[in-house]
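1. Let's see this in three dimensions:
(one chain, ligands or ions: 1)
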Amino acid sequence: NQQYILASRPPGMPDENHLVIKDAPRPKPEDGQVLLKTIYLSLDPYMRGRMNAGASYAKGVEIGDVMTGGTVSEVVESRYDGLKAGDVVLSHNGWQRYAVAPGDSVRKLDPAEAPVSTALGVMGMPGFTAYVGLLDLGLPKSGETVVVSAASGAVGQVVGQIAKLKGCRVVGVAGADDKCRHVVDTYGFDACINYKDDDFETQLDRACPDGIDIYFENVGGKVFDAVMKRVNDFARIPVCGRIAHYNQTSLPEGPDRLIPFMGKVLIKRMTIRGFIQSDHLERHPDFLKDMAAWIRDGKVQYQEDIVEGFESALLAFQGLLEGRNRGKMLVRVADD
Ligand code: NDP
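-> Now for the predicted structure:
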């Protein structure tokens, strides 16, 4: 069994000194357990936070442990009544080829219903994040303007499409021209702006003539600053992620801006609310029902970026943190 072990804590971008591939014996299932072979490993930005020491909303990975992560896996051997060899399940086995899991901790997938990889993307955690963050925290109303950052990514692409379904004007922000074209042409966003362009703020003004009612925050940094200058009264800001800061080792130069920022929150009567998708699981059945229907009816499209081979995981993860992915980042560890 091959595993990526967290060997040390990365100060900035993780590399092969921090995540090391090791060989371990293949585990054996006990009563009530299944032996699983990883087909797809999901790569997600939250994994960067799990490499850090210190308190967060979830416990970090310990040094010497297998890196955590969602997987779509095949049952190789079952000692659990509800599953048999050959079944495909959604599990959380981490960055490794084989793992045992309690049979009642995994969810059986139906490959006839949807490609099994979607259980890690549009039909999985990132899709659910978009659904609950936009609908329950963003509270979109028809005619409002929604801006979403990391617009072409796993979460952003779904946020924008749901906002369109709710009758909003949707403006994406992304870090590459081809990403921007894709979200407009394929997902039907009204506009998408490359935040790396010199005239990014001018383009944002043009794309949001009526200001911004909802900002779905995925990145932080300069995109957040630019949006804050353009929010309308009673704007809602679901704070989903801040990927521009995940590898930062110190605060940026410049004066403390907290006091003017809080002034703005007051004057604009803004609602800024951080959320973690797993706190909203009571909405998961609604999400599965709605998203399955939207995909079936062609109302929601999705893009996956699948790299081949277990050994590609670290490079692909670095790419995710640097914006090289095109859609939901997955590693194909074994054939499905
Ligand atoms: P994506 O598929 O969107 O991939 C990450 C993207 O972030 C990159 O492609 C890149 O796109 C963008 N990015 C990277 N660095 C920067 C930067 N310095 N400035 C601006 N953008 C940057 O990832 P996900 O859709 O999986 O995740 C999106 C966000 O949602 C993340 O912040 C993640 O942590 C958060 N999240 C939060 C959850 C929650 O429960 N709160 C659950 C799931 C995800 P580009 O080329 O456009 O810059």
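2. now G172: how far from G188?
-> 11 Å (CB to CB, to the nearest Å). C-beta here means a position set from N, CA and C on the backbone, and glycine is covered the same way.
3. repeat for T71
-> For T71 relative to G188 (CB to CB), the value is 31 Å.
4. Need the residue closest to the centroid of the chain.
-> Nearest to the geometric centre of the chain sits P126, at 4.5 Å (CA atoms, centre = their mean).
5. Let me know whether that residue touches A150 as I believe.
-> No: with contact defined as CB atoms under 8 Å, P126 and A150 do not form a contacting pair (10.5 Å).
6. Can you tell me the element the closest residue to G127 other than its chain neighbours falls in?
-> In space, and not counting its chain neighbours, G127 is closest to V158: 5.0 Å by CB to CB, 6 or more residues apart in numbering. Secondary structure assignment for V158, by DSSP states H and E: helix 154-165.
7. chain center to that helix, what's the gap?
-> 12 Å (CA atoms, centre = their mean, to the nearest Å).
8. Determine the set of other helices and strands touching that helix.
-> In this structure, helix 154-165 makes packing contacts with helix 125-132, strand 145-149, strand 169-174, helix 177-185, strand 212-216, judged by 3 or more CB pairs under 8 Å, 6 or more residues apart in numbering; DSSP states H and E.
9. Is there any residue in stretch 303-319 that contacts the ligand?
-> No: Stretch 303-319 does not reach the ligand (CB under 6 Å from any ligand atom); its nearest approach is 8.0 Å.
10. how far does that stretch stretch from start to finish?
-> Using CA to CA, to the nearest Å, the end-to-end distance of stretch 303-319 comes to 16 Å.
11. quick one: average confidence on that stretch?
-> In this model, stretch 303-319 has a mean pLDDT of 98.
12. and for it, what are the contacting residues?
-> Stretch 303-319 is contacted by residues 2, 4, 13-16, 19, 21, 38, 40-41, 43, 47, 95, 97, 117-118, 121, 152, 157, 182, 186, 325-333 when judged by CB atoms under 8 Å, 6 or more residues apart in numbering.
13. Many thanks, we can stop here.
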